[in-house]
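Visitor: turn this into a structure:
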Amino acid sequence: MRGWVAALAAGALLLSGCAGGETETEPPENTNTAPAPGDEPTEADPTSDPGTGTETPAEEPETTAPAQELTEEAMPTADDLEWHEPGDWQIDDTEDDPTADLTDTCQQGEWADTGTEQIIGRSYLLTDGDPEFDRTHAVVLQYDDEEAARTAYETIRGWTRDCADDDVEGIPNAQTPVEVSEGEAEFSEWTKLDESGQFGVFSMIGVTQRENRVAWVVMEIAGQDNSWDYEEGGEVGALHPMIRSLPKVNERLG
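Guide: Numbering: from 1, shown residues only. Below you'll find the model as predicted:
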């Protein structure tokens, strides 16, 4: 009996030794497998569309167009201005810049007050006229855009329609619209006494707007003894000088 118990104890011991001993385990699977050819990851392309993968052109930085330069090409030439015919007004190279001061008593403000960015001017003498009184001044003004030029045109036209000088009186056809190819044009006529108060000076003031530019033209004649028509086919047979001149002045602005 004691031998059977001993045998049982020895078997239990043997079983216990087998259960408590170290056992060999299989190594874990390697998850860092190399990608198959063609499956290599690529960096994201900042110029490609993530939705389609197609390449889109990169946006170019915005640039501001340089301001258009106002040159003498915009000024009326001697042939653009007419009296009896083209060329009656010749450019006066000795005259100071007419943009420096007021060019007419009906001008009710400084040119800068109209918002102009650039301005040029020129003076003219009437052939066989009196250089002291028979003169024309022209000023061309440039603005940021057409809307600003239109606003300035209305302001300057208002000066000609409502002259601030107490010594100036309107004459018939004081405001006359002129047909031009683009924009608008109008002129007004006023009479005033010269500085001596002995005789009258006739002032014809034209203003026209085209795109982002405005032109102001003043013709002054002492003791005018001329008659003009204000539309084609009139009794006199000669259209007013402003009606003949302003369309060409307007063309120069484009």
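Visitor: use CA for all of it now, contacts and neighbours both
Guide: Will do.
Visitor: can you give me the helices in the stretch 51-200 of the chain?
Guide: Assigned by DSSP state H, counting those that start in this stretch, the helices in the stretch 51-200 of the chain fall at 146-161.
Visitor: check which helix or strand residue 252 maps to.
Guide: Per DSSP states H and E: residue 252 is located in helix 241-253.
Visitor: who are the packing partners of that helix?
Guide: On a contact count with 3 or more Cα pairs under 8 Å, 6 or more residues apart in numbering; DSSP states H and E, helix 241-253 meets strand 184-193, strand 200-210, strand 213-222.
Visitor: nearest to residue 125, of those strands?
Guide: Closest approach to residue 125 among the helices and strands packed on helix 241-253 (Cα to Cα): strand 213-222, 9.7 Å.
Visitor: in its sheet, what does that closest one sit against?
Guide: Strand 213-222 has its sheet partners listed here by DSSP bridges as strand 135-142 (antiparallel), strand 200-210 (antiparallel).
Visitor: so where's the stretch 101-250 of the chain uncertain?
Guide: 101-104, 164-167, 170-174, 194, 197, 224 (pLDDT under 70).
Visitor: with mean neighbour count and distance to residue 114 added, can I get the strands paired with strand 213-222 in CSV?
Guide: Below are the strands paired with strand 213-222 laid out as CSV (neighbours: other Cα atoms under 10 Å; distance: least, Cα to Cα, whole Å):
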stretch, mean neighbour count, distance to residue 114
strand 135-142, 25, 9
strand 200-210, 25, 13
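Visitor: export the ones you listed to TSV and tack on distance to residue 113?
Guide: Written out in TSV, the entries for the strands paired with strand 213-222 read as follows (distance: least, Cα to Cα, whole Å):
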stretch	distance to residue 113
strand 135-142	12
strand 200-210	16
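Visitor: would you mark the buried spots in stretch 149-169?
Guide: Along stretch 149-169, these residues count as buried under the neighbour rule (16 or more other Cα atoms under 10 Å): 149, 150, 152, 153, 155, 156, 157, 159, 160, 161, 163, 168.
Visitor: between these, which sits nearest residue 138?
Guide: Of the buried residues of stretch 149-169, the one sitting nearest to residue 138 (Cα to Cα) turns out to be residue 156, at 13.4 Å.
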